[in-house]
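Asks: predicted structure and sequence below. I'll ask about it afterward.
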Amino acid sequence: MSSEIFEKVISHCKEYGFVFPSSDIYGGLAAVYDYGQNGVELRNNLRQYWWKSMTQVNQNIVGIEAAIFMHPKTWKASGHIDGFNDPMIDNKDSKKRYRADVLLEDHQEKIRQKIEKEIDKAAKRFGETFDAALYRETNPRVVEYQQKIDSIDQRMKGGLESGDLASIKSLIEEEGIVCPISGSKNWTDVRQFNLMYSTQMSAIENGEDQLYLRPETAQGIFVNFLNVQKTGRMKLPFGIAQTGKAFRNEIVARQFIMRMKEFEQMEMQFFVKPGTELGWYESWKKQRLQWHMALGINPSHYRYHDHVKLAHYANAAVDIEYQFPFGFKEVEGIHSRTDFDLGRHEEFSGKKLRYFDPETNESYIPYVVETSIGLDRLFLLALCEAYQEESVDGDTRVLLKLHPAVAPVKAAILPLVKKDGLPELAESIYNQLRLDYNVYIEDKDSIGKRYRRMDAIGTPFCITVDHDSLTQGDVTVRDRDTMEQTRVKIEDLKNLLDSRVSMSTLLKQIIPS
Ligand code: GAP
């Protein structure tokens, strides 16, 4: 998908009530967005898919909802106060601030695009016999580009991990990276900025009154580990899931809802016996990708990105990346976090956070495997994947080929004309379906225009009520993707929706048979 299509996805979001800039009438607020009438339904459905697949499908995973405000010691213990920083660099001419690692990643992406261009050209030249993998490994220019990407990667990670920010600045300068606004290479030094938003609450203890808006939901789970384990009499291995808002002072507003200041995470911490964590890590890595695929996403649009250099508390970590129009980017992280978080909370709170293992009669701090996905990134992924333009009878049909179970509206009921009792029959069908599904009556404009509007918001079925419906008790059901029309008895409509658009049709795909 080209960046031109990405621009179309963004305008589509606004035109069809999916996403609006926050406080739009005041000119918006950078990196903050509101969800409109269709966006909120899609987002709720995606969240519900995640929630049910965690808590309803798995007997040993339960959910919680912790508060956004947490005791400030939480963030000292988790390491966020001291270490949750982004390396920032300013351009002295444009006065714009950038994340130094993002500047370098964008630069790498440009080199990657050159590789893809070389490969496309060669594929055209050599025709069917072309072996892209071999060409990648042997063509001198492609190899040189790849080495360049790898060397930037290595130097960037080395500099960030050792805290050698001067080396990051040198790398930016050596690569000749210019400010996208001013076009100049007039950079300041790279400095660390903490990403947490702080606010005040009347004194908590020892004069501490500074609070933070949580930058991740995970800590709300860790501090409740024992509450849930004891009250739910949970036995290892077990998981605690949570969805909710998180806040990060992301300086770089770009790529629409990809990187927001206020966003939602869906996180699950899976507590396991020490020594078994890497097996669970592999299992969750596989399960999470299958979960994504069940949404009908093209498998070639996903890849795993294993973390080579690990955070000090992790013994394995991987990102699930999706091929957005602007390149492969992280959507979800799976991290084997050892006993770091519970251990630190034990240390800072002075409360034991141990599990008594009835099989071995030992008490220990469990190890944790985390799965963490951003709901807004998933939303963007779903839209990028679903947005399609098709030529139909010399016209362009824009449709969202969303998985029916997450589509905002499941079926539109369309009386052919606004008279002869058709609106009344449409109303009665609506009443039969509305308690189970988000259905909608649409009676304005020609039937063709109504079909197009429903295609554009991804409605899987249009149910047309015509004069025959009055006498024969059936309606025409049009399929969004194939545009095929079939006659269906009114009393069978609920069964049709149950079998094609219900959440269980989606959940069935992730349950091992
Ligand atoms: N508890 C682990 C954690 O928070 P993370 O990689 O920082 O890990 C997890 O975040 C996920 O949250 C990411 O994979 C991404 O989908 C989402 N995310 C992180 N920052 C975001 C932002 N500023 N805007 C939107 N989504 C974000």
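Replies: Yep, that arrived.
Asks: from here on, contacts and neighbour counts on C-alpha atoms
Replies: OK.
Asks: kindly list the longest helix within this structure.
Replies: Criterion DSSP state H: the longest helix present in the chain is helix 100-126.
Asks: what's the mean pLDDT across that helix?
Replies: Throughout helix 100-126, pLDDT has a mean value of 92.
Asks: how about that helix, which residues are buried there?
Replies: 100-101, 103-105, 107-109, 111-112, 114-115, 118-119, 123 (16 or more other Cα atoms under 10 Å).
Asks: next, see if it gets close to the ligand.
Replies: No: Helix 100-126 does not reach the ligand (Cα under 6 Å from any ligand atom); its nearest approach is 12.7 Å.
Asks: list the helices and strands that helix packs on?
Replies: Applying 3 or more Cα pairs under 8 Å, 6 or more residues apart in numbering; DSSP states H and E, one finds that helix 100-126 contacts strand 85-90, helix 132-138, helix 140-162, helix 165-174.
Asks: one more time with 10 Å
Replies: strand 85-90, helix 132-138, helix 140-162, helix 165-174, strand 327-338 (3 or more Cα pairs under 10 Å, 6 or more residues apart in numbering; DSSP states H and E).
Asks: partners of the shortest one, with directions?
Replies: The pairing partners recorded for strand 85-90 under DSSP bridges are strand 97-99 (antiparallel), strand 191-194 (antiparallel).
Asks: so which of those gets nearest the ligand?
Replies: strand 97-99 (12.4 Å; Cα to the nearest ligand atom).
Asks: what parts of the stretch 251-400 of the chain come near the ligand?
Replies: 258-261, 263, 265, 330-333, 372-374, 376-377.
Asks: any idea which helix or strand comes after the worst-scoring helix or strand of the chain on mean pLDDT?
Replies: In the chain, no helix or strand scores lower on mean pLDDT, DSSP states H and E than strand 198-205, which sits at a mean of 78. As assigned by DSSP states H and E, the chain's next helix or strand after strand 198-205 is strand 208-212.
Asks: what average pLDDT does the next helix or strand after that next one get?
Replies: Counting by DSSP H and E, the next helix or strand C-terminal to strand 208-212 is helix 218-222. Per-residue pLDDT over helix 218-222 has a mean of 98.
Asks: after helix 218-222 comes which helix or strand?
Replies: Counting by DSSP H and E, what follows helix 218-222 is helix 225-231.
Asks: so which elements touch that following helix?
Replies: Counting by 3+ Cα pairs under 10 Å, 6+ apart, helix 225-231 packs on strand 61-63, helix 218-222, strand 238-247, strand 355-357.
Asks: which stretches of this structure have low pLDDT?
Replies: 1-2, 203-208, 252-253, 513 (pLDDT under 70).
Asks: near the ligand, which residues of the stretch 1-150 of the chain are found?
Replies: Going by Cα under 6 Å from any ligand atom, none of the residues of the stretch 1-150 of the chain are near the ligand.
Asks: closest point of the stretch 1-150 of the chain to the ligand, which residue?
Replies: Ala31 (8.4 Å).
Asks: so who does that residue touch?
Replies: With contact set as Cα atoms under 10 Å, 6 or more residues apart in numbering, Ala31 has these partners: 21-22, 249-263.
Asks: circling back: mind putting the helices and strands packed on helix 225-231 in JSON lines, mean neighbour count included?
Replies: Shown next, in JSON lines, are the helices and strands packed on helix 225-231 (neighbours: other Cα atoms under 10 Å):
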{"stretch": "strand 61-63", "mean neighbour count": "20"}
{"stretch": "helix 218-222", "mean neighbour count": "22"}
{"stretch": "strand 238-247", "mean neighbour count": "22"}
{"stretch": "strand 355-357", "mean neighbour count": "17"}
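Asks: what about the ones you listed, which gets the closest to Lys8?
Replies: strand 238-247 (27.4 Å; Cα to Cα).
Asks: report whether that closest one contacts the ligand.
Replies: No: using Cα under 6 Å from any ligand atom, strand 238-247 stays clear of the ligand, coming no nearer than 7.4 Å.
Asks: the inter-axis angle of that strand versus strand 208-212?
Replies: 90 degrees (axes from the mean of the first three to the mean of the last three Cα atoms, to 10 degrees).
Asks: rewinding a little: most tightly surrounded among the helices and strands packed on helix 100-126?
Replies: Counting by mean count of other Cα atoms under 10 Å, strand 327-338 has the highest mean neighbour count of the helices and strands packed on helix 100-126, with a mean of 22.
Asks: what's the angle from that one to helix 100-126?
Replies: Angle, strand 327-338 to helix 100-126, by the same axes, to 10 degrees: 130 degrees.
Asks: give the next helix or strand downstream of strand 327-338.
Replies: helix 340-349.
Asks: what helices or strands is that following helix leaning on?
Replies: helix 73-78, helix 218-222, strand 367-374.
Asks: please list all residues in contact with Pro512.
Replies: Gln287.
Asks: tell me the secondary structure for it?
Replies: coil (DSSP: H, G, I helix; E, B strand; the rest coil).
Asks: so how far is Asn58 from it?
Replies: Distance of Pro512 to Asn58, given as Cα to Cα, to the nearest Å: 12 Å.
Asks: leaving out chain neighbours, which residue sits closest to Ile115?
Replies: Of all residues not flanking Ile115 in the chain, Val142 sits nearest, at 5.6 Å (Cα to Cα, 6 or more residues apart in numbering).
Asks: list the contacts for the one you found?
Replies: Per Cα under 10 Å, 6+ apart, neighbours of Val142: Ile111, Arg112, Lys114, Ile115, Glu116, Lys117, Glu118, Ile119, Tyr135, Arg136, Lys148.
Asks: wait, the last one sits on Ile111?
Replies: Pointing back at Lys148 there. Yes: between Lys148 and Ile111 there is a contact under Cα atoms under 10 Å: 8.2 Å.
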